[in-house]
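Trainee: Everything below, folded, please.
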Amino acid sequence: MPVDVKKWIDKTKQFSQEIKVELKKISWPQRKETISSTSVVLIIVLIIAFFLGIVDVTLSRIVNIFLS
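Mentor: Numbers count the residues shown, from 1 in each chain. The predicted structure is shown next:
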């Protein structure tokens with residue numbers, strides 16, 4: 001096996017071992033936490049979408065008034 005290929009294989013093995021170590025350090029959220037966080041994000045997105053919709057309609061009416 002050429003030297004470059006052996007180096008690459010060794011680096012790849014080391015990298016995968018480091019990934020396993022790092023994944024063990026992660027504290028994954030519980031299902032309840034995930035659902036509540038997702039709910040908060042969805043509610044905020046809906047509120048912002050509603051607000052931007054109102055702003056868009058208002059500004060388009062103002063522009064139509066000035067262009068008429």
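Trainee: Could I get the full set of strands for the protein?
Mentor: Counting by DSSP state E, the chain has no strands to list.
Trainee: mind checking the longest helix of it?
Mentor: Determined from DSSP state H, the single longest helix within the chain is helix 31-67.
Trainee: Now find how far off-centre that one is within its chain.
Mentor: Offset of helix 31-67 from its chain centre (Cα atoms, centre = their mean, to the nearest Å): 19 Å.
Trainee: Can you give me the buried ones in it?
Mentor: By 16 or more other Cβ atoms under 10 Å, helix 31-67 has no buried positions at all. In short, each C-beta sits where N, CA and C put it, glycine included.
Trainee: and it, average pLDDT?
Mentor: For helix 31-67, the mean pLDDT works out to 97.
Trainee: How far off centre is stretch 21-33?
Mentor: On the basis of Cα atoms, centre = their mean, stretch 21-33 sits 16 Å off its chain's mean C-alpha point.
Trainee: err, stretch 19-38, not the other one
Mentor: 14 Å.
Trainee: Kindly check the end-to-end length of that stretch for me.
Mentor: 27 Å (Cα to Cα, to the nearest Å).
Trainee: What of stretch 23-32?
Mentor: Taking Cα to Cα, stretch 23-32 runs 21 Å from one end to the other.
Trainee: by contact count, what packs against the longest helix of the chain?
Mentor: If you count contacts as 3 or more Cβ pairs under 8 Å, 6 or more residues apart in numbering; DSSP states H and E, helix 31-67 packs onto no helix or strand.
Trainee: Next one: Leu59 relative to Ser36, how far apart?
Mentor: For Leu59, the distance to Ser36 (Cβ to Cβ, to the nearest Å) stands at 35 Å.
Trainee: I meant Lys7, not that one.
Mentor: 47 Å.
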